[in-house]
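[1] Take this sequence and fold it.
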Amino acid sequence: MAHRRTPPRRRRGPDDGALSVYVAICAAALVVLVGIVLDLGGRLRAIERADARAQEAARVASQQLDVEAVLQGRGYRIVSHEAAERAADDYLRAYNLTGTTRLVDDHTVEVRTTGTYTSALIGAVLPDFTHLEVHGYGKATLVHGITEAENG
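    You can find the predicted model right below:
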């Protein structure tokens, strides 16, 4: 009858369980890092959207033409600041954004938007970072009869 060899007993030392703690710390750090990357990337996309919406709101506002001036041959210009602001606000409201509209002159409109990005992971750990504010900027100039690019 052959004797079964039993494996030698491992002696327990002061480092037992140290690898488990190390893995737990690394896993937690990895989750935090992924959360930061995810939320900062999401915030960047929200800023890009706010810029795009501001640009479109400025375009919509600049299309509020003074029709009488056009028909009388006095040129193209925006009818009023109120009409441009109303048009931009209506556009932004559809995307849950607020904004300010400014007429630079009779042909140019600037729109600045403000919105909120709701964080996905970081807000769960850091409550101050649950809702992050984002801003956008757009500018539109009313032109007609473009045949070549402007210089300068």
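
[2] ok now do T113, which residues does it touch?
    Applying C-beta atoms under 8 Å, 6 or more residues apart in numbering, we find T113 in contact with 50-51, 53-54, 57, 92, 97-99, 135-138. Using the backbone N, CA and C atoms, a C-beta is placed for each residue, glycine as well.

[3] repeat for H81
    Contacts of H81 by C-beta under 8 Å, 6+ apart are T101, L103.

[4] do you know how far it is from L103?
    5 Å (C-beta to C-beta, to the nearest Å).

[5] Out of the contacts of T113, which sit inside strands?
    Applying DSSP state E to these, the entries found in strands are T98, G99, H135, G136, Y137, G138.

[6] which one of those residues sits closest to A46?
    Using C-beta to C-beta, G136 is the member of those that lies nearest A46, at 9.1 Å.

[7] Could you find the closest non-adjacent residue to the closest one?
    Leaving aside its chain neighbours, G136 sits nearest to A50 (3.0 Å; criterion: C-beta to C-beta, 6 or more residues apart in numbering).

[8] The one you found contacts G115, doesn't it?
    Yes - at 5.2 Å, A50 counts as touching G115 under the criterion of C-beta atoms under 8 Å.

[9] Which one of the two is surrounded by more residues?
    A50 (26 against 21; other C-beta atoms under 10 Å).

[10] Show the contacting residues for the more buried one.
    A50 sits in contact with L97, T113, T114, G115, V134, H135, G136, where contact means C-beta under 8 Å, 6+ apart.

[11] how about 6 Å then?
    T113, G115, V134, G136 (C-beta atoms under 6 Å, 6 or more residues apart in numbering).

[12] In TSV: the ones in strands among the contacts of T113, plus pLDDT and neighbour count.
    TSV is the format used below for the ones in strands among the contacts of T113 (pLDDT from 0 to 100; neighbours: other C-beta atoms under 10 Å):
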residue	pLDDT	neighbour count
T98	91	12
G99	92	26
H135	95	15
G136	95	23
Y137	96	14
G138	95	24
